[in-house]
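Trainee: Next comes the sequence, and after it the predicted model I'd like to discuss.
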There are 2 protein chains.
Amino acid sequence: MFRTLNISDAKDSMPKSAVPPEMKPEVDAIVEAIVYLYTESRRLTKEVAARHGLTGPQLTVVKMLETLGELSLSRLSEKIRAQNSTVTGIVDRMEREGLVARARSTSDRRVVQITLTARGHQLAREVKVEPIQIFREALVGLSRDDAKDLLRILTKLANRVRQMVDDGQARGDQT
Amino acid sequence: MFRTLNISDAKDSMPKSAVPPEMKPEVDAIVEAIVYLYTESRRLTKEVAARHGLTGPQLTVVKMLETLGELSLSRLSEKIRAQNSTVTGIVDRMEREGLVARARSTSDRRVVQITLTARGHQLAREVKVEPIQIFREALVGLSRDDAKDLLRILTKLANRVRQMVDDGQARGDQT
DNA sequence: CGCTGATATTTAGCGTGCGAAACATCTAAC
DNA sequence: GTTAGATGTTTCGCACGCTAAATATCAGCG
């Protein structure tokens, strides 16, 4: 039997007062909106990146290294929310294109430091729009109150999800 | 020069009154929250699907076909927000596993109708949680007012993005 | 020193996900 | 009816993105 993260169980321990069943369409609409916003911003990032011969993730990496400087592969993976193995591939291709360089750390020879090459730096300066900025542009149209409400509610939501996930894992998840 | 989708331009035509520069951290937090919610719900979907030997997208397809019945490949692609070529691959693997079947339409022989097999139907009944429901669980903790505000603001946001995208494309996009 | 377990990275295999091109079929226009 | 363009699907090539396993190195311990 699996009991990794039992979502149906979780429901029973939650306040029933809130978001009643008749709001189902609204809930679906919220989900729809979030998915739309995420996928669209991703598509836009990709489009911006493509104008400079980059992929979406590659642009993210370039901007990250420009901002934070040298990063180990692990740190870089955390920053862009991807697995090490995924980033290995991305860095492989970027290295092939001469955008970044790998350097073995001297203090700990397991660690690989990733740095921007001259070409990488130039690209970082060329591309004005950071991935996150595409979202930001859309947010510009909101009133300050709306923005505050949005942040408050989304944060609450994210924390709830985080809690659900933690509960699930605490229940005996062996990775 | 590129002008495929000029995001900086768009800003000029927008109300300056809203979301001022000093709210930058809040804006970043909103983005962070949306990205988190999206990726986490996707991860959870994948986890639920895995318990039944499915991938995330495959579970989505199973639930979609269970709900809507027979769908052409194009319609199915729209529904799950993916390109035809992507769905062709997903359906290939599901067909191989005996979950769905392809049937050439008699009225229009270009069209391929996708249907659930008996095994597909059984799986659909077995798996209680629809992908969207994972989000829903998190939303259960919100007050009704919060849910309404969230929907209102997100919708506004999504419409703004949609408008930005349309503007960009109308401005003369040559792939 | 030699062993053990932890940590950092890579490799291998698979499943999306996309755009472009190939292919089949349909539709309209002549 | 033939031709030209539109539409539905697949194929191809590439880039993620993930997990599991392999590899290399480190840190500590007897």
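Mentor: Here it is on my side, so go on. Residues are numbered from 1 along each chain as shown, chains lettered A, B, ... in the order given.

Trainee: all contacts plus neighbour counts: C-alpha atoms, from now on.
Mentor: Will do.

Trainee: residues in contact with A:T115?
Mentor: For A:T115, the contacting residues are A:L65, A:G69, A:E70, A:L71, A:V100, A:A101, A:R102, A:A103, by Cα atoms under 8 Å, 6 or more residues apart in numbering or on different chains.

Trainee: I'd like the next helix or strand past the helix or strand harbouring it.
Mentor: Assigned by DSSP states H and E, A:T115 belongs to strand A:112-116. Using DSSP H and E, the helix or strand that follows strand A:112-116 in sequence is helix A:118-126.

Trainee: How much space separates the closest residue to A:P57 other than its chain neighbours from DNA strand D?
Mentor: If the residues on either side of it in the chain are set aside, A:P57 comes closest to A:I90, at 7.6 Å by Cα to Cα, 6 or more residues apart in numbering or on different chains. As judged by Cα to the nearest atom of the strand, to the nearest Å, A:I90 and DNA strand D stand 4 Å apart.

Trainee: How about the secondary structure of A:I90?
Mentor: helix (DSSP: H, G, I helix; E, B strand; the rest coil).

Trainee: same question, A:R81
Mentor: Using three-state DSSP, the structure places A:R81 in coil.

Trainee: count of residues packed around it?
Mentor: If you count neighbours by other Cα atoms under 10 Å in any protein chain shown, A:R81 ends up with 13.

Trainee: which ones are touching it?
Mentor: Contacts of A:R81 (Cα under 8 Å, 6+ apart): none.

Trainee: I'd like the distance between it and A:A138.
Mentor: With distances taken as Cα to Cα, to the nearest Å, A:R81 is found 23 Å from A:A138.

Trainee: A strand includes A:A101, no?
Mentor: Yes - A:A101: assigned to a strand according to three-state DSSP.

Trainee: mind checking how far it is from A:S72?
Mentor: Distance, A:A101 to A:S72, using Cα to Cα: 11 Å.

Trainee: Grab the CA positions of the strand holding A:T115 and hand them over as CSV.
Mentor: Only the C-alpha atoms of strand A:112-116 are listed here, as CSV (Å, rounded to 0.1, in the frame of the first residue of the first chain):
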residue,chain,number,x,y,z
VAL,A,112,32.4,22.3,-9.8
GLN,A,113,32.1,26.1,-10.0
ILE,A,114,30.2,27.6,-12.9
THR,A,115,31.2,31.0,-14.2
LEU,A,116,30.1,33.2,-17.1
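
Trainee: Next, the angle helix A:118-126 makes with that strand.
Mentor: In terms of direction (axes from the mean of the first three to the mean of the last three Cα atoms, to 10 degrees), strand A:112-116 departs from helix A:118-126 by 60 degrees.

Trainee: what lines up beside strand A:112-116 in the sheet?
Mentor: Strand A:112-116 pairs in its sheet with strand A:71-72 (antiparallel), strand A:100-104 (antiparallel), by DSSP bridges.

Trainee: nearest to B:G56, of these?
Mentor: Closest to B:G56 of the strands paired with strand A:112-116 is strand A:71-72 (Cα to Cα; 30.9 Å).

Trainee: Now do that closest one: distance to the chain's middle.
Mentor: Distance of strand A:71-72 from its chain centroid, counting by Cα atoms, centre = their mean, to the nearest Å, is 18 Å.

Trainee: do stretch A:47-55 as well
Mentor: Taking Cα atoms, centre = their mean, one finds stretch A:47-55 lying 18 Å from the centre of the chain it belongs to.

Trainee: With stretch A:33-43 instead?
Mentor: Centre-to-centre, stretch A:33-43 and its host chain are 12 Å apart (Cα atoms, centre = their mean).

Trainee: Briefly note if the strand holding A:T115 comes near DNA strand D.
Mentor: No - under the criterion of Cα under 7 Å from any atom of the strand, DNA strand D is not reached by strand A:112-116; the shortest gap measures 10.3 Å.
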